[in-house]
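Colleague: need coordinates for the following:
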Amino acid sequence: MSKFPTHKIAIIGAGAVGATSAYAAAIRNIAAQILLIDVNEKKEEGEVMDIRDGLCFTETGGIIGANYPDAADADVIIITAGLPQKPGETRLDLITKNKKILEEIFAGIGKLRDDTIVVIVANPVDILTYLAQKISGLPEHQVFGTGTTLDSARLQIAISQALEVYPQSVQGFVLGEHGDSEFVAWSTVTVGGIPASDIKALSPALKKKIEEQVRNKAYEIISRKGATFYGIALVVADIIESILFDQKKILPITTHLVRCNGVSGVCLGSPAIIGRHGILGHWPVKLHSDESKRFQNSAKIIGKIIKSIE
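Modeller: The predicted structure is shown next:
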């Protein structure tokens, strides 16, 4: 007699992002079992105890502290573990350290299930996704990053506040690097079905202000509270939901690109269809010429970094 199928997700990293992602997944009732894994077992245990106290208000089966090998049979593995950039430290220094952490994680887990999906959340997400695709041994469509999904959500919020409408009435993407070279693809933006180009209130000056606001949002939050984690945790929960329930949402995740608006060979935030088998296909957004140039510029920046670490 076969076992009743249950969904198991493993979240690696019990810091602010990992723990909040576990909490968001629990209250969204999207998995029967949640594993929280961290090298700091005391912190891991405390987070598990705290979240577990609220399970009587959810339909989630349970959350437990675990070790790397326990993640080997998970449906979805979320990797939030990574070091933040320190003052005086170069981006390359940070990447080198976090590459080592990735290698330790996958070595610790061992052989993964053939259908496991790995989602990279740790930064720099575009570079770490590229590395994880190489290190994990899984097909590229089963390993991707959160990309510019959070940035796109910030765009929805900024536009909704400017126009005084509900955020979910706004659609559109921030694309490219999850970082300073990201950009708003205004050609993809609609509000209540109306293209941004047809909305007089979205003047060039306001668009520029919104784009700057979106790009700097993380810095603004970090300067006030030291870290960002609520928004990205909900992004993680939304991605897990799209995978486990095979929802086929179109999200601007970090994925390996081939002939996408003039870009190949790097991992960048670009719209893709997400389902139970990971990336089911790239969404063929055709960017305006100026947007394609910005997308290609973002790819060049990431490409140079990849060459320096290979």
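Colleague: what helix or strand is residue 128 on?
Modeller: helix 125-136 (DSSP states H and E).
Colleague: show residues contacting that helix.
Modeller: In this structure, residues lying in contact with helix 125-136 by Cβ atoms under 8 Å, 6 or more residues apart in numbering are 79, 82, 95, 98-99, 102-103, 106, 112, 118, 120, 122, 140, 143-147, 177-179, 254-256, 266-269, 302, 305-306, 309. Yep, even glycine has a C-beta here, placed from its N, CA and C like the rest.
Colleague: only the buried subset of the residues you listed, as a ChimeraX command please.
Modeller: A single ChimeraX command suffices to select whichever of these are buried according to 16 or more other Cβ atoms under 10 Å:
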select :79,82,95,98,99,102,106,112,118,120,122,140,143,144,145,146,147,177,178,179,254,255,256,266,267,268,269,302,305,306
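Colleague: out of the contacts of helix 125-136, list just those in helices.
Modeller: Of the contacts of helix 125-136, the ones assigned to helices by DSSP state H are 95, 98-99, 102-103, 106, 302, 305-306, 309.
Colleague: next, format these as CSV and append pLDDT.
Modeller: Below are the ones in helices among the contacts of helix 125-136 laid out as CSV (pLDDT from 0 to 100):
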residue, pLDDT
95, 87
98, 91
99, 92
102, 96
103, 95
106, 97
302, 93
305, 90
306, 89
309, 83
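Colleague: let's have the residues you listed in TSV, adding distance to residue 198.
Modeller: Output for the ones in helices among the contacts of helix 125-136, formatted as TSV (distance: Cβ to Cβ, whole Å):
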residue	distance to residue 198
95	42
98	43
99	45
102	45
103	50
106	48
302	33
305	38
306	39
309	44
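Colleague: tell me how many other residues surround residue 45.
Modeller: 14 (other Cβ atoms under 10 Å).
Colleague: which residues are in contact with it?
Modeller: residue 65.
Colleague: so what pLDDT did it get?
Modeller: Model confidence at residue 45, given as pLDDT, is 98.
Colleague: next, the buried residues of whichever strand or helix holds it.
Modeller: Secondary structure from DSSP H and E places residue 45 in helix 41-52. By neighbour count with 16+ other Cβ under 10 Å, helix 41-52 contains the buried residues 43-44, 47-48, 51-52.
Colleague: so residue 272 belongs to a strand, correct?
Modeller: Yes: checked against DSSP: H, G, I helix; E, B strand; the rest coil, residue 272 lies within a strand.
Colleague: residue 279 is in what secondary structure piece?
Modeller: Going by DSSP H and E, residue 279 is in strand 278-282.
Colleague: cool, and residue 34?
Modeller: For residue 34, the host element (DSSP H and E) is strand 33-37.
Colleague: in a markdown table: the buried residues of helix 41-52, plus distance to residue 162.
Modeller: A markdown table is the format used below for the buried residues of helix 41-52 (distance: Cβ to Cβ, whole Å):
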| residue | distance to residue 162 |
| --- | --- |
| 43 | 40 |
| 44 | 41 |
| 47 | 37 |
| 48 | 41 |
| 51 | 36 |
| 52 | 41 |
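Colleague: hmm, which two among those residues are most spread apart?
Modeller: The most widely separated members of the buried residues of helix 41-52, counting by Cβ to Cβ, are 43 and 52 (14.8 Å).
Colleague: tell me the pLDDT of the most centrally placed residue in the chain.
Modeller: The centre of the chain sits closest to residue 146, judged by Cα atoms, centre = their mean, with a distance of 1.4 Å. Per-residue pLDDT puts residue 146 at 98.
Colleague: check the gap between it and residue 95 for me.
Modeller: 17 Å (Cβ to Cβ, to the nearest Å).
Colleague: what does residue 220 give?
Modeller: 24 Å.
Colleague: give me the contacts around stretch 221-236.
Modeller: Contacts of stretch 221-236 (Cβ under 8 Å, 6+ apart): 16-17, 20-21, 23-25, 78, 80, 119, 121, 146, 149-150, 153-154, 218.
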